[in-house]
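Student: Have a look; sequence and predicted model below, questions after that.
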Amino acid sequence: MQKTVLVLGATGRFGRHAAEAFWNAGWTVQLFDRRRDDLMKASRGADIIIAAWNPPYPLWRTHLPRLHAEVQAAARASGATVLLPGNAYVYAPDATVPWSEATPQAAPTPLGRVRQKIEQGYRDSGVQTILLRAGDFIDTDATAGWFDRVLLSRISQGQLLYPGEPTALHAWAFLPDLARAAEHLSRQKHSLGTFEEIVFPGYAVTGEHLAGYLSRIAGRTVTTRRMPWLPLHMTAPVWPMAQALLELRYLWETPHSLASIRLHDLCPTYRDTDIEDALGQAAAGRLAQARQQRCVRPCHFTRRSTQTSL
């Protein structure tokens with residue numbers, strides 16, 4: 001039987017990888033265009049709706065409740081299951097590590113409380129929902145995410161610019177892996193309950209671990225350097241995005257990892273990509289650029305005689 005998935009936010013990081021993973025697994029993939037498509041019509045016949053809409057942080061409080069209410073209404077009308085990407089913002093910094101499906105939710109920031117409220121809305125909606133929770137993203141392409149935009153920003157200088165304590169564990173999710181896990185779980189929809197929360201463990205590594213992996217991948221020493229937060233503090237009064245990023249600083253200072261009670265049982269054939277392979281894919285563009293820069297040498301011109309020989 002042909003299976004159909006409707007991807008909302010297909011140009012975003014998770015949505016793009018989800019569309020590819022479902023396509024590779026044989027699903028019919030429909031990419032929703034908010035400028036042109038009607039969600040109620042587009043969701044007809046869909047087995048799964050990937051709810052990957054993700055406006056900028058400053059718009060979460062005003063936009064996310066409305067967007068997810070629309071998703072729930074479309075899923076209720078079509079009978080589709082919603083695959084909802086989740087994050088670690090709902091966990092308090094003093095929660096026992098590793099954080100899992102059994103960890104109490106006590107979001108310590110406004111952004112985390114918005115996400116907690118959205119998730120509760122799905123629990124109460126009666127719409128079958130698969131919540132797949134993960135750490136920060138490692139993408140294969142250059143994006144606006146922390147890994148590419150910050151951590152790898154000085155890789156050409158042999159530095160990993162790290163936002164937190166370099167010896168503290170931090171949870172990461174390699175997006176192609178997360179998308180494959182989403183597809184595996186979606187196949188199990190008929191054996192799942194109305195609301196299922198699954199935590200995606202991914203990789204739990206320190207900044208120093210990342211620097212070591214990248215050193216081997218790059219073939220040169222990569223050291224960690226602490227990212228200064230002062231510029232964000234200075235711009236926060238006039239730049240809402242800086243305010244949002246500062247809210248989440250605790251996740252860089254709090255050692256944490258993710259674990260799942262259920263993922264292996266539900267997806268017994270799923271396997272993570274080796275972390276060096278994942279980091280190699282993620283850093284390939286930056287490292288290629290760095291090698292190219294090192295190969296470029298300034299030109300030295302010598303004075304030549306203006307005399308012409310006959």
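Tutor: Everything's here; your move. Numbering: from 1, shown residues only.
Student: Centre-most residue in the chain?
Tutor: The centroid of the chain falls nearest to residue 137 when counting by C-alpha atoms, centre = their mean (3.0 Å).
Student: What helix or strand is that one located in?
Tutor: strand 136-138 (DSSP states H and E).
Student: Tell me the first helix or strand C-terminal of that strand.
Tutor: Following strand 136-138 toward the C-terminus (DSSP H and E): helix 146.
Student: in what helix or strand does the residue nearest to residue 155 when sequence neighbours are not counted lie?
Tutor: Using C-beta to C-beta, 6 or more residues apart in numbering and skipping the chain neighbours, the partner closest in space to residue 155 is residue 286 (4.9 Å). C-beta here means a position set from N, CA and C on the backbone, and glycine is covered the same way. Using DSSP H and E, the element containing residue 286 is helix 275-295.
Student: what does residue 67 give?
Tutor: Here residue 67 is covered by helix 60-78, with elements defined by DSSP H and E.
Student: Just name whatever secondary elements that helix is in contact with.
Tutor: Under the contact criterion of 3 or more C-beta pairs under 8 Å, 6 or more residues apart in numbering; DSSP states H and E, helix 60-78 touches helix 39-42, strand 48-51, strand 81-86, helix 110-125.
Student: 10 Å instead, please
Tutor: strand 4-8, helix 39-42, strand 48-51, strand 81-86, helix 110-125, strand 129-133 (3 or more C-beta pairs under 10 Å, 6 or more residues apart in numbering; DSSP states H and E).
Student: Just tell me which of these ends up closest to residue 162.
Tutor: Set against residue 162 and scored by C-beta to C-beta, the helices and strands packed on helix 60-78 come closest in helix 110-125, at 21.3 Å.
Student: Of all the residues in the closest one, which ones are buried?
Tutor: Residues of helix 110-125 classed as buried by neighbour count (16 or more other C-beta atoms under 10 Å): 111-116, 118-119, 121-122, 125.
Student: what does stretch 133-150 give?
Tutor: Within stretch 133-150, the residues scored as buried using 16+ other C-beta under 10 Å are 133-140, 143, 145-148, 150.
Student: Please, where are all the strands along the stretch 101-250 of the chain?
Tutor: Along the stretch 101-250 of the chain, counting by DSSP state E, counting those that start in this stretch, strands occupy 129-133, 136-138, 159-162, 170-174, 195-199, 203-205, 223-226.
Student: Just put those strands in JSON lines and tack on mean pLDDT and distance to residue 82.
Tutor: As requested, the strands of the stretch 101-250 of the chain are exported to JSON lines (pLDDT from 0 to 100; distance: least, C-beta to C-beta, whole Å):
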{"stretch": "strand 129-133", "mean pLDDT": "98", "distance to residue 82": "5"}
{"stretch": "strand 136-138", "mean pLDDT": "98", "distance to residue 82": "20"}
{"stretch": "strand 159-162", "mean pLDDT": "98", "distance to residue 82": "35"}
{"stretch": "strand 170-174", "mean pLDDT": "98", "distance to residue 82": "19"}
{"stretch": "strand 195-199", "mean pLDDT": "98", "distance to residue 82": "10"}
{"stretch": "strand 203-205", "mean pLDDT": "98", "distance to residue 82": "26"}
{"stretch": "strand 223-226", "mean pLDDT": "98", "distance to residue 82": "39"}
